[in-house]
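A.B. asks: Here's my sequence, what's the structure:
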Amino acid sequence: MNKRYKQPIRVMATSVLLSTGLIFGPEIGLKDSFWELKVEAAAEKYYKTTANLNLRKSASKTASIITTIPKGKQVTYLSKSGSWYKVKYGTKTGYVSSSYLKAVLPTSTSVYTTTANLNLRKSASTSAAIITTIPKGKTVSYLSKSGSWYKVKYGTKTGYVSSKYIKVTKKTSSSATVSIKSTKFKTTANLNMRSKASTSGTRLLTIPKHKMITATAKSGSWYKVSYSGKTGWVSSSYIKEYNQTTTISTTYYKTNATSSLYSAANTKKAAIYSIPKNNIFTSTQKVVNSIGETWYRVSYKGKNYFIKSGSVSKVSAAKVTSTSYTAKEATYLYSFAGEKHGTLVAIPKGVKITTTYRIGDWYKTTYRGKTGYINIAKFSKTVSSTDTSITATKYKTTANLNLRKTASTSGEKMDTIPVNTIVTATAKSGDWYKVSYNGQTGWVSGTYLVAYSSTSSNTPSGSTITETTYLPIADLNIRASDTTSSTKIGLIPKYTQVKSTYKTSEGWYRVTYDGVTGYVSGDYLITKANYDKMNSYEANKNSFIHMDLRTKSSVTAAQINTYIAKNATSSNSVLYNKGSVFITAANKYGLNALYLAAHAIHESDFGKSTISLGKNNLFGFGSYDLAPFVGSVKFSSIDENILFIAQEMKATYLNPSNWKYQGATLGYTIKDANGNRSADLSKGMNFYYASDSNWGSKIANHMSEILAYSKEGAVSQSANTTVPAKPSYPIGKDVFPTGTIAVANSSISLRNETSSSATVAATIGKGETFNLLEKWNDYWLTVNYKGKKYYTNTVSLSKYNQYMTVKNLARVSVSGSSTLNVRATASTVGAILGSLPNHQYVELVVDSSKNPIKSGSWYKVKLSNGTQGWVSSAYLTMELNK
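C.D. replies: Numbers count the residues shown, from 1 in each chain. Alright, predicted model coming up:
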């Protein structure tokens, strides 16, 4: 497909140069060859259909039809291929014949002035919700018409107003310069800055690729930016909005009011969900978007969304002393901390529950066999009728803490005691303490108190570490303690070396700088070793670490095969003589064959790994740390696996529109002092693909062994930016012996078919046994429960031991051999009854307590034909038994 479209473009561009005698200045610098020429994009072109017109998958009348575009509809022009235009219609992109299109001239935007204070509404109706009120005399931009209502834009808000209260003031050209909110962009190529918003403008300077710029105005498809002391215009074709993404430790956020979840860290698209106040979400990623807004990526209904930081507040999760509460009213047990997460079971008024863990004001508990969360505001604590006097003891508050009249969250609030305040307790009731503060005596929760000694140094809890040199990745505040709310006592400039020998339990480090000793957050520190490694990588740009993996390699199948043959044989490797498959897969999906082969070699130990031999899975795709073999996807052949991974990599890690994209290179990962990955300092696939920070360099080493960087033709090639669809899992399954016994560690919902929408047909209770029959590639399990076959996807193999423990499932694991002998007695001299193929699952015979029968280091096993015998445990691996 790539060849079909590249060749006509080359011919057309060459003919333009020869026939006109003109030289068009490339916007990535004249030093680039004509083959790599990129020019600034013109303003978007629009066409209108002159008849009902088929939108096709490729530029041919025999290509399949995506949809039919009605006559008179507008499409956006993307590119040309002969007499066919590639266009976008709604959310669909495809090809149409240019014979049935006519150009649409640029429109002008009418500007109106309000003649009275005017409500901006969500829809064209007086009953629609009011977004805001626009004062009299303000200007709005006209977008479209709906009866007597106009859709307009006012500031950053878009909505509907009555046309009775606005009047035309002026018209602005679609290419007029408009001020925009200061927006950060990153250049995607060496880019010319010009004196005006046109390729005819004088070139002021060239901004290098991957540089940060800030735009303050827009004219058509051009942005006004400043760089290196100059201000000018750049084409939007070679910049992309820059979002600063940071991986954070798991953090809980509570909605402060009704809030919205978005598909990206901006409000360009409509919100996906509206979330009421007091719902809690989990986040592991913070994003500062291109206009400086801070967002958090949160999980909801199994997917990732984004929420504005201003809509939420951080809440803590903590273990609490086992406490009994009584429902003050009828309520529910929720699946997570918030009503929006869905109910599990109703809790009637008066029901007593016990809890030992909370997230914010939501407490974890179990009721009627289900574990979830309750809103503690709807419960009251069972308070002891007798207070116990204690020896006067000093405590320090760990948060702003309510002083109440009684030892209960339902007690009347008397005052709020600030964080880090020293109080003296004289009595105790359950987990509540009687203290005096500000002339009043009342009760406070012991959850937010820590013992205090006036003779201690009050050093935050932590431990001594080996002296290590660190550097802050930004100007970093030194604080009096290990919290951002403690007093700022100093500042360390970016990349200034400091040493530490003490780390607090909160992940802060005690340092001394410029005569000041205090604490700095490890989230903003990197070790000197990581700093040096990063600089070393950046100093060597001409390496496989930095090569675009979407370029066509000059490697041959013979070169790949020779390298594999040096490290494996045809009898112990599934990669032997597979060089041509890598080249075929890479060419099909537009990525580098040398990289693809090296990736497979690294992940599979030259095709000799257990998963590659047992599952035809070179890349360990689908594996989990807790269940590497069972969890991995099963492929019908190695060829299928290579083609699948090539498509998967191009559709995700090498796709700028996918969340896994961190650059189309192998790259590297830099971790902060607390072991968290830094998105700002890391590059390429390494960041999201592997936890190993040096994964990229290891694959680059394999590439160098196959073909030297200086001989790789891809270095001078342009990237293939086509993006295939994400592949579906192949149909396949692991089949377990029919006598495989599992015990449920929590309730497991069962269905009569492999569909999440199917009605729950039965539930395996905690402690009950069942037979595990199959594991499908899409992670559905087939089970036999009480004599009937069911299906479940409740069990997550990444944490299967929370749901079940398998008692008697093993897998043959013989090194250097293809079979394992089964003997009549537990000895190597016992008669051979049969044999088991390497990597096959095998059923262990159990005793009356359902524990495997063992004699010394031998297990008793049952073959598929019912024969029982013995095999050495040295050649078996227990599965799903942790």
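
A.B. asks: hang on, isn't H546 packed against G663?
C.D. replies: No - if you go by Cβ atoms under 8 Å, H546 and G663 don't touch, sitting 9.1 Å apart. C-betas here are computed from N, CA, C, even on glycine.

A.B. asks: Number of residues surrounding the nearest residue to T805 once chain neighbours are set aside?
C.D. replies: For T805, ignoring the flanking residues on the chain, the nearest one in space by Cβ to Cβ, 6 or more residues apart in numbering is V743 at 5.3 Å. Neighbour count for V743, taken as other Cβ atoms under 10 Å: 15.

A.B. asks: in the sheet, who's paired with V743?
C.D. replies: Applying DSSP bridges to V743 gives these bridge partners: T769, T805.

A.B. asks: who are the neighbours in contact with it?
C.D. replies: Contacts of V743 were listed using Cβ atoms under 8 Å, 6 or more residues apart in numbering, and they are G767, E768, T769, M804, T805, K807, K850.

A.B. asks: Okay, now stretch 210-227: how far is its last residue from its first?
C.D. replies: 13 Å (Cα to Cα, to the nearest Å).

A.B. asks: Mind listing what's buried along it?
C.D. replies: I213, T214, A215, K218, S219, G220, W222, Y223, K224, V225, Y227 (16 or more other Cβ atoms under 10 Å).

A.B. asks: Just to check, the last one is in contact with T206?
C.D. replies: No - proximity of Y227 to T206 does not meet the contact threshold set by Cβ under 8 Å, at 9.7 Å.

A.B. asks: residues shared between the contacts of the two?
C.D. replies: With Cβ under 8 Å, 6+ apart as the test, Y227 and T206 both reach M193.

A.B. asks: got TSV for the contacts of V743, with distance to G338 and pLDDT too?
C.D. replies: Listed next are the contacts of V743 as TSV, based on distance: Cβ to Cβ, whole Å; pLDDT from 0 to 100:
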residue	distance to G338	pLDDT
G767	30	95
E768	31	96
T769	35	97
M804	28	96
T805	31	96
K807	37	97
K850	40	93
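
A.B. asks: out of those, who's nearest I417?
C.D. replies: Using Cβ to Cβ, G767 is the member of the contacts of V743 that sits closest to I417, with 45.6 Å.

A.B. asks: all helices for the stretch 401-550 of the chain, in order.
C.D. replies: Along the stretch 401-550 of the chain, counting by DSSP state H, counting those that start in this stretch, helices occupy 528-539.

A.B. asks: Output the below-cut-off pLDDT ranges for it.
C.D. replies: Residues of the stretch 401-550 of the chain that meet the criterion pLDDT under 70 lie in 452-458.

A.B. asks: Can you tell me which of the buried residues of stretch 210-227 end up in strands?
C.D. replies: I213, T214, A215, K218, S219, W222, Y223, K224, V225, Y227 (DSSP state E).

A.B. asks: and which of these is nearest to G622?
C.D. replies: The closest of those, once distances to G622 are taken by Cβ to Cβ, is I213, at 40.9 Å.

A.B. asks: Just confirm the closest one contacts I239, I think it does.
C.D. replies: Yes - the pair I213 / I239 is scored as a contact, 7.1 Å apart, by Cβ under 8 Å.

A.B. asks: what touches both of these two?
C.D. replies: Taking Cβ under 8 Å, 6+ apart as the contact rule, I213 and I239 both touch F185, K186, T187.

A.B. asks: Okay, and which of the residues you listed map to strands?
C.D. replies: Per DSSP E, these map to strands at F185, K186, T187.

A.B. asks: count of residues packed around the closest residue in space to L120 that isn't next to it in sequence?
C.D. replies: Among residues not flanking L120 along the chain, G159 sits closest, at 4.1 Å (Cβ to Cβ, 6+ apart). For G159, the count of nearby residues is 24 (other Cβ under 10 Å).

A.B. asks: beta partners of G159?
C.D. replies: V152.

A.B. asks: residues contacting it?
C.D. replies: L120, R121, K122, I131, T132, K151, V152.

A.B. asks: Check what pLDDT the fourth one gets.
C.D. replies: We note a pLDDT of 88 for I131 in this prediction.

A.B. asks: Report the secondary structure state of it.
C.D. replies: Following DSSP: H, G, I helix; E, B strand; the rest coil, we place I131 in the strand state.

A.B. asks: who touches it in this structure?
C.D. replies: I131 neighbours (Cβ under 8 Å, 6+ apart): L120, R121, K122, K157, G159.

A.B. asks: Could you do the third one as well?
C.D. replies: For K122, the set of contacting residues under the criterion of Cβ under 8 Å, 6+ apart consists of A128, A129, I130, I131, G159, Y160.

A.B. asks: Check the gap between it and Y262 for me.
C.D. replies: 17 Å (Cβ to Cβ, to the nearest Å).

A.B. asks: returning to that earlier point: switch the contacts of I131 over to JSON lines; also include secondary structure and distance to N402.
C.D. replies: Output for the contacts of I131, formatted as JSON lines (DSSP: H, G, I helix; E, B strand; the rest coil; distance: Cβ to Cβ, whole Å):
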{"residue": "L120", "secondary structure": "strand", "distance to N402": "41"}
{"residue": "R121", "secondary structure": "strand", "distance to N402": "41"}
{"residue": "K122", "secondary structure": "coil", "distance to N402": "39"}
{"residue": "K157", "secondary structure": "strand", "distance to N402": "38"}
{"residue": "G159", "secondary structure": "strand", "distance to N402": "41"}
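
A.B. asks: circling back: please tell me how far the residue nearest to T805 sits from D847.
C.D. replies: With Cβ to Cβ as the criterion, V743 and D847 are 15 Å apart.

A.B. asks: And for Y595?
C.D. replies: 52 Å.

A.B. asks: Which one's more surrounded, these two?
C.D. replies: Y595 (30 against 10).

A.B. asks: Can you give the distance from the helix or strand hosting V861 to the centre of its chain?
C.D. replies: If you go by DSSP states H and E, V861 is part of strand 858-862. Centroid separation for strand 858-862 versus its chain: 44 Å, with Cα atoms, centre = their mean, to the nearest Å.

A.B. asks: Quick check: what element follows it along the chain?
C.D. replies: Past strand 858-862, the next helix or strand by DSSP H and E is strand 868-872.
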